[in-house]
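Engineer: Whatever this is, show me its structure:
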Amino acid sequence: MSLARLLNQPLTIQKRGGTVTNVYGDTELGSVGAPVAVKGYLVQSSSLENMDDRDMVVSRWTAYLPAGTDIGHLDYINFQSQKFQVDGIPEFAYNPRTEAISHIVCQLVVVVG
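Structural biologist: The predicted structure is shown next:
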């Protein structure tokens, strides 16, 4: 089965704006842009529950997106009312047979609690 057939989940991507300086001179992340609809595929890779200091669950996911999707680190992917944050630089998977980028792989993280 080709990867293109798996990219069928309706997702939205929200770009994170560049950094801005607040009134105190501290650097903060910019605002979140409008959602852009794409088709992709999400799969959970791990989930860890921490109850030492507070009841918190950290889940790690992997997103597979079509080539050409505009996504970067700290952007958000929304799927079924859940918000995932891109964790690290997305990987552009190169296919040597076609000599082109075939898809994009992003590591995602969700923290609840």
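Engineer: Please make it C-alpha for all contacts and neighbour counts, starting now.
Structural biologist: OK.
Engineer: Stretch 76-83: which residues count as buried?
Structural biologist: Y76, I77, N78, F79, K83 (16 or more other C-alpha atoms under 10 Å).
Engineer: er, stretch 89-96 I mean
Structural biologist: By 16+ other C-alpha under 10 Å, the buried positions in stretch 89-96 come out as P90, F92.
Engineer: What mean pLDDT does that stretch get?
Structural biologist: Stretch 89-96 shows an average pLDDT of 93 in the prediction.
Engineer: what's the closest non-adjacent residue to the most centrally placed residue in the chain?
Structural biologist: For the chain, the residue nearest the mean C-alpha position is V86 (3.4 Å; C-alpha atoms, centre = their mean). Once flanking residues are discounted, V86 sits nearest to L108: 4.5 Å by C-alpha to C-alpha, 6 or more residues apart in numbering.
Engineer: same check, this time on A67
Structural biologist: Using C-alpha to C-alpha, 6+ apart and skipping the chain neighbours, the partner closest in space to A67 is H103 (4.3 Å).
Engineer: any weak-confidence spans in the chain?
Structural biologist: Low-confidence regions of the chain, defined by pLDDT under 70, span residues 1-2, 51-54, 113.
Engineer: Just the CA trace of stretch 68-79, in PDB.
Structural biologist: Provided in PDB are the C-alpha atoms of stretch 68-79 (Å, rounded to 0.1, in the frame of the first residue of the first chain):
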ATOM      1  CA  GLY A  68       4.800  20.600   0.000                       C
ATOM      2  CA  THR A  69       2.900  21.100   3.200                       C
ATOM      3  CA  ASP A  70       4.000  24.300   4.900                       C
ATOM      4  CA  ILE A  71       4.900  23.300   8.500                       C
ATOM      5  CA  GLY A  72       7.700  24.100  10.900                       C
ATOM      6  CA  HIS A  73       8.800  23.600  14.500                       C
ATOM      7  CA  LEU A  74       6.300  24.800  17.200                       C
ATOM      8  CA  ASP A  75       3.400  24.800  14.700                       C
ATOM      9  CA  TYR A  76       0.200  23.100  15.700                       C
ATOM     10  CA  ILE A  77      -1.700  20.200  14.100                       C
ATOM     11  CA  ASN A  78      -5.400  19.800  15.100                       C
ATOM     12  CA  PHE A  79      -7.200  16.500  14.700                       C
END
